[in-house]
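S.K.: how would this look folded up:
(one chain, ligands or ions: 1)
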Amino acid sequence: MGSRGWAGVSLGVLVLAIGVVAWVRVPWAAPPAPRADQLAALQGLPAAAVARGREFHAALRPGSYGSLGLGLIVALVLGLTPIGARLVALAGRPFGGNWLAEALLGGFLLVIIGEVVTLPLAAWQEVILRRYGLSTQTWAGWTVDLLKGFAVGAVVGAIVLVGFFGVARLAPRTWWVYLGLGAAGLTVLMSFVYPVLVEPVFNRFTPMPAGALRDDLMGMAERDGVPVRDVLVADASRRTNALNAYVSGLGPTRRIVVYDTLLRDAPPAEVQAVVAHELGHAKEGDVFTGTAIGALGAAAAVCGLYLLGGWAGLLRRAGVDSIASPRAVGLLLALTAIASLVAMPLQNGLSRLIEARADHHALTVTGDPSTVETMEGRLGTGNLADVDPPRWEYLLFASHPSIVERMAAARAYARGER
Ligand SMILES: [Zn+2]
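M.R.: Numbering: from 1, shown residues only. Modelled structure (predicted):
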């Protein structure tokens, strides 16, 4: 069996492994709470807040879908026509067509084109966020965030570009083995270092001040059997009025973070319900599950790229002679864009199941479904969520169950049904 055969077998094994991890680690047998409960929960929310959330999302939609569509069109034009390859050659010309210059400058040029084209839509989104009082940023702050995002992207992008094309040059037949392992390794590494290297670029994190709430949260974590060194507070209010909390990191870098906005706007019992949800993620190792699926997916993508590299028609269309040459960076970006778009609804479907389990954890740990339901309602109205979104949008884009589903789950739990 040749290299292509092995790459095909590896791709099959990796896809199977993703299926196994998802099968074992994702809670499949938990359908959403009855629609009747959802409608009752919807009735219980202030009608004006529900309408405002719908209106806000209707205002955001043209920009968000426009940006998604435009980004995809740019990627396809640069990757599935010779335009991308020509631009990469142009970027490398002052350096005599050196591969490193083509990989880095060409790669950055194509990514920046995509960013610049969608930038006006991003600014429009920000205008809407401000109009509805969700964003607290100035344009200066917004621009600094944008530049910080580019800087982080440039560092990670440089590692990926130099690593990919460098290894592909050294091992023209077997690069998919090394790069598949490298992509998986980088995904795991990113999960570890993200909370300590990337998150502090955007926010300041301080340990929650000593007091009754902190004692209650730490006590709850201990009863729950989840070792938590500290609960960190992020200065999210510099950017947003949205309420949130999350778990990130793995092993020594694992942390539970709450937004300062949550502490400002929600009563302590609801903060506790939010942290109970996050403890659910920590207890079930959901960051590990996501990282494992991500790492296997990254390795599978590399095998897939290697196999697609044998498709002469595709290479001809992109104006390149090899998928592993820096001139093919546009083609790689286009294929990545298509793959992410296809993977998104699948990822979101898994995420919703995992989030529903964390919600259930919050119910069992607090034993207080009424507070959990009030908290979900506060997150919904406070964040201007579309609390009961259109079905198609939910299936494609929602990473969490809808607010009315989450409230309904608390109602069903209160009746002893779950
Ligand atoms: Zn969650």
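S.K.: look up phi and psi at residue 171.
M.R.: With angles defined as degrees, to the nearest 10, residue 171 sits at phi -130, psi 80.
S.K.: and for residue 173?
M.R.: Backbone torsions for residue 173, taken as degrees, to the nearest 10, come to phi -100, psi -30.
S.K.: show me where pLDDT drops low in the stretch 201-350 of the chain?
M.R.: Filtered on pLDDT under 70, the stretch 201-350 of the chain yields no residues whatsoever.
S.K.: can you list the residues of it near the ion?
M.R.: Residues of the stretch 201-350 of the chain lying near the ion by CB under 5 Å from the ion: none. Glycine gets a C-beta too; all of them are placed from N, C-alpha and C.
S.K.: can you count the residues close to the residue lying closest to residue 41 once chain neighbours are set aside?
M.R.: Using CB to CB, 6 or more residues apart in numbering and skipping the chain neighbours, the partner closest in space to residue 41 is residue 407 (3.6 Å). By the measure other CB atoms under 10 Å, the count of residues near residue 407 is 29.
S.K.: and residue 407, which of the three is it?
M.R.: Recorded secondary structure, residue 407: helix (DSSP: H, G, I helix; E, B strand; the rest coil).
S.K.: that one reaches residue 379, doesn't it?
M.R.: No - the pair residue 407 / residue 379 is not scored as a contact, 10.0 Å apart, by CB atoms under 8 Å.
S.K.: picking up where we left off before, contact partners for the residue nearest to residue 41?
M.R.: 37, 38, 41, 44, 373, 376, 377, 380 (CB atoms under 8 Å, 6 or more residues apart in numbering).
S.K.: tell me the pLDDT of it.
M.R.: We have a pLDDT of 97 for residue 407.
S.K.: also residue 2?
M.R.: For residue 2, the model assigns a pLDDT of 87.
S.K.: coming back round to it: quick one: the residue nearest to residue 41 from residue 65, how far?
M.R.: For residue 407, the distance to residue 65 equals 27 Å [CB to CB, to the nearest Å].
S.K.: same question, residue 162
M.R.: 34 Å.
S.K.: the longest helix seen in the chain: which residues count as buried?
M.R.: For the chain, the helix that runs over the most residues, judged by DSSP state H, is helix 329-366. Using 16 or more other CB atoms under 10 Å as the burial criterion, the residues of helix 329-366 that qualify are 329-335, 337, 348, 350-363, 365-366.
S.K.: contacting residues around stretch 202-219?
M.R.: By CB under 8 Å, 6+ apart, the residues outside stretch 202-219 that reach it are 145, 148, 199, 228, 230-236, 238, 255, 257-258, 263, 268, 271-272, 275.
S.K.: again, only using 10 Å
M.R.: Stretch 202-219 has contacts (CB atoms under 10 Å, 6 or more residues apart in numbering) with 144-145, 148-149, 152, 195-196, 199, 228-236, 238-239, 255-260, 263, 267-269, 271-272, 274-276, 278-279.
S.K.: dihedrals phi and psi, residue 137?
M.R.: With angles defined as degrees, to the nearest 10, residue 137 sits at phi -90, psi 150.
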